[in-house]
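**Q** Generate a structure from the sequence data that follows.
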Amino acid sequence: MKPSILVSFLLLSSILSHTFAAEKYAAIYNFGDSLVDAGNLCVNGIPAYLATARWPYGMTFFGYPTGRCSDGRLVIDYIAQAFGLPLLPPSKAKNATFERGANFAITGATALDIGFFEARGLGKTIWNSGSLHTQLQWFEEMKPSVCSSPQECKEFFGKCLFIVGEFGGNDYNSPLFAGRDMMEAHTMIPHVIESISSAIEKLIEQGAVDLVVPGVLPIGCFPVYLTLFRAKEDGYGPQSGCLRKFNTLSWVHNSMLQRAIHRLRDKYPAARIVYADYYTPVVQFMLQPEKYGFHKQLPKACCGAGGQGIYNFNLTYKCGDPGSVACEDPAKHWSWDGIHLTEAAYGFIAKGWLNGPFADPPIMRSQRR
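**A** Okay, here's the model as predicted:
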């Protein structure tokens with residue numbers, strides 16, 4: 001190729017790349033649990049039990065609690081902003097409009113419906129009814145407010161971005177926090193993956209073309225698990241310090257989810273299904289915290305038990321409870337309350353989902369418009 005032609009080709013490629021990245025989705029519709037909940041539990045007032053809707057939640061960005069389980073924005077907030085869209089309103093919010101998006105996520109959500117857990121004697125460990133397929137029903141109820149016929153809906157949703165998850169974390173917490181054997185959590189993985197796959201297919205049938213499907217976090221790196229599930233020395237990763245068997249559970253889930261996504265891509269070649277990775281960035285936060293501006297220390301919760309315990313986590317003094325204390329600079333921590341991440345951590349993850357390397361393919365690259 002001649003130099004002049006090569007330069008022209010590279011310039012055209014640069015212009016096209018910028019154009020594609022700048023174009024917007026008409027709306028974003030998000031489903032999930034506390035990692036992406038924008039306040040669905042709080043639309044009718046703050047429940048007395050909900051510490052995550054009290055100060056210092058929201059301290060960094062909003063200046064007040066919003067129902068988000070962080071000090072500020074979540075991954076979904078960064079993604080909405082990247083496409084020039086407003087922060088998605090909770091789907092249960094009164095007098096809200098949803099033409100530019102809605103957030104159906106709710107804290108405590110599971111991939112599986114309550115009957116699955118009740119049949120296994122775990123019904124008491126699930127404390128809200130906002131499972132994935134319940135959220136899909138909420139989506140169905142919302143549809144008449146944004147489109148008026150099946151064809152109009154199909155055309156509109158084909159211009160939108162759908163984010164399905166993360167789902168699975170609360171499903172596995174159910175047996176783990178009930179003191180059941182780890183193997184019981186592993187036996188649930190195929191059921192969880194099937195539920196997620198079914199939801200993706202339902203959305204594609206509704207007209208969804210662009211979908212992002214996140215995996216689960218490396219739960220063995222989080223203060224809540226490190227505090228509640230102490231292990232012998234060989235139970236921790238030699239470099240990360242994370243609980244091996246808990247991270248193995250997450251890894252198996254993510255591997256099976258990625259295989260399911262590959263099958264769905266083959267079945268629906270017109271759809272673009274992105275696998276979004278929560279696991280790798282959090283492990284990197286553990287291994288190379290200073291690379292991301294975080295303190296090099298044990299994964300202590302920024303907001304927690306006032307310095308009690310090596311991970312600053314105590315169920316009696318959870319963030320938002322009387323007696324809990326927040327660190328001065330959440331941006332120096334990746335763990336916000338021992339269970340969820342800080343705004344700073346979510347920002348790094350969102351960037352990795354949008355542009356790589358924490359998504360397959362990156363959301364910006366997968367966009368066709």
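
**Q** which residue ranges form the helices in this protein?
**A** 3-22, 75-82, 114-118, 132-142, 150-157, 169-177, 182-205, 223-228, 244-267, 279-287, 343-355, 363-366 (DSSP state H).

**Q** Which one, of these, ends up nearest to Trp55?
**A** Across the helices of the chain, the minimum distance to Trp55, taken as Cβ to Cβ, is reached by helix 343-355, at 15.3 Å. Any C-beta I mention is one placed from the backbone N, CA and C, and that applies to glycine too.

**Q** So which elements touch the closest one?
**A** Contact partners of helix 343-355 among helices and strands, from 3 or more Cβ pairs under 8 Å, 6 or more residues apart in numbering; DSSP states H and E: helix 75-82, helix 279-287, helix 363-366.

**Q** Check which helices and strands the first one sits against.
**A** By that I understand helix 75-82. Using 3+ Cβ pairs under 8 Å, 6+ apart as the contact test, the elements touching helix 75-82 are strand 28-31, strand 161-164, helix 343-355.

**Q** 10 Å - rerun?
**A** Packing partners of helix 75-82 (3 or more Cβ pairs under 10 Å, 6 or more residues apart in numbering; DSSP states H and E): strand 28-31, strand 101-103, strand 161-164, strand 210-214, helix 343-355, helix 363-366.

**Q** The longest one now?
**A** Applying 3+ Cβ pairs under 10 Å, 6+ apart, we find helix 279-287 packed against helix 244-267, helix 343-355.

**Q** what do you get for the last one?
**A** In terms of contacts (3+ Cβ pairs under 10 Å, 6+ apart), helix 363-366 is packed against helix 3-22, helix 75-82, strand 161-164, strand 210-214, strand 272-276, helix 343-355, strand 359-360.

**Q** And these, which one averages the lowest pLDDT?
**A** Confidence, taken as mean pLDDT, is least for helix 3-22 of the helices and strands packed on helix 363-366 (a mean of 36).

**Q** contacting residues around Ala82?
**A** Counting by Cβ atoms under 10 Å, 6 or more residues apart in numbering, Ala82 touches 21, 24, 350-351, 353-355, 363-364.

**Q** are any of these buried, and which?
**A** Buried members of the contacts of Ala82, counted by 16 or more other Cβ atoms under 10 Å: 350-351, 353-354, 363-364.

**Q** Could you count how many residues lie near the closest residue in space to Lys318 that isn't next to it in sequence?
**A** Excluding the flanking residues, the one nearest Lys318 by Cβ to Cβ, 6 or more residues apart in numbering is Ala51, at 5.4 Å. Residues lying near Ala51 (other Cβ atoms under 10 Å) number 19.

**Q** Now do the contacts for Ala51.
**A** 57, 65, 69, 317-322, 324, 337 are the contacts of Ala51 under Cβ under 10 Å, 6+ apart.

**Q** cool, Ala26 as well?
**A** With Cβ under 10 Å, 6+ apart, Ala26 has these contacts: 83, 85, 99-101, 146, 155-161, 369.

**Q** what does Ala345 give?
**A** 70, 75, 281-282, 285, 292, 294, 330-331, 333-336.

**Q** quick check, nearest of those residues to Gln206?
**A** Nearest to Gln206 among these, with distances taken as Cβ to Cβ, is Val75, at 23.1 Å.
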